[in-house]
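> coordinates only, sequence not included:
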């Protein structure tokens, strides 16, 4: 197995994590707000769990975990983990595109700082 191919495990982790976050937010927003009383909360959360698209988000998280375990067999954690910061930027961009969430100056500046920190950590 070649070294460039090994990075597919890291990128699969990122893609699956981003997918899971986006579909969970998208579908949960369709169900409305969490009720106040305990019984209604339990019923609400159970109905979320029965939604097939929400289940696909859980499946994506599970598959991301498997891909991450595979990545850990190929890389040192200190090398692989900085790539996970890409999740912040990708979720910000896709949440603006798919969920119509605003991209503010503060969010943009924060993402830039995260990416700069990641570059420093990855090269250090």
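Done, it's in. Quantities reported herein were computed from a predicted structural model and do not represent experimental measurements.
> quick one: stretch 100-107 to chain centroid distance?
Remark: stretch 100-107 is offset 17 Å from the chain centroid, using Cα atoms, centre = their mean, to the nearest Å.
> buried residues in it?
Applying a neighbour-count criterion of 16 or more other Cβ atoms under 10 Å, one finds residue 107 buried in stretch 100-107. Yep, even glycine has a C-beta here, placed from its N, CA and C like the rest.
> can you measure across it, start residue to end residue?
End-to-end span of stretch 100-107 (Cα to Cα, to the nearest Å): 14 Å.
> for the closest residue in space to residue 101 that isn't next to it in sequence, identify the helix or strand it belongs to.
Counting by Cβ to Cβ, 6 or more residues apart in numbering, residue 101 lies nearest to residue 95, which is 4.4 Å off, once chain neighbours are set aside. Using DSSP states H and E, residue 95 maps to helix 86-99.
> other SSEs contacting the helix or strand that comes right after that helix?
Next in sequence after helix 86-99, counting helices and strands by DSSP H and E, comes helix 105-123. If you count contacts as 3 or more Cβ pairs under 8 Å, 6 or more residues apart in numbering; DSSP states H and E, helix 105-123 packs onto helix 86-99.
> can you give me the buried ones in whichever helix in the chain runs longest?
The longest helix of the chain (DSSP state H) is helix 3-31. Buried residues in helix 3-31, defined by neighbour count with 16+ other Cβ under 10 Å: 9-10, 12-24, 27-28.
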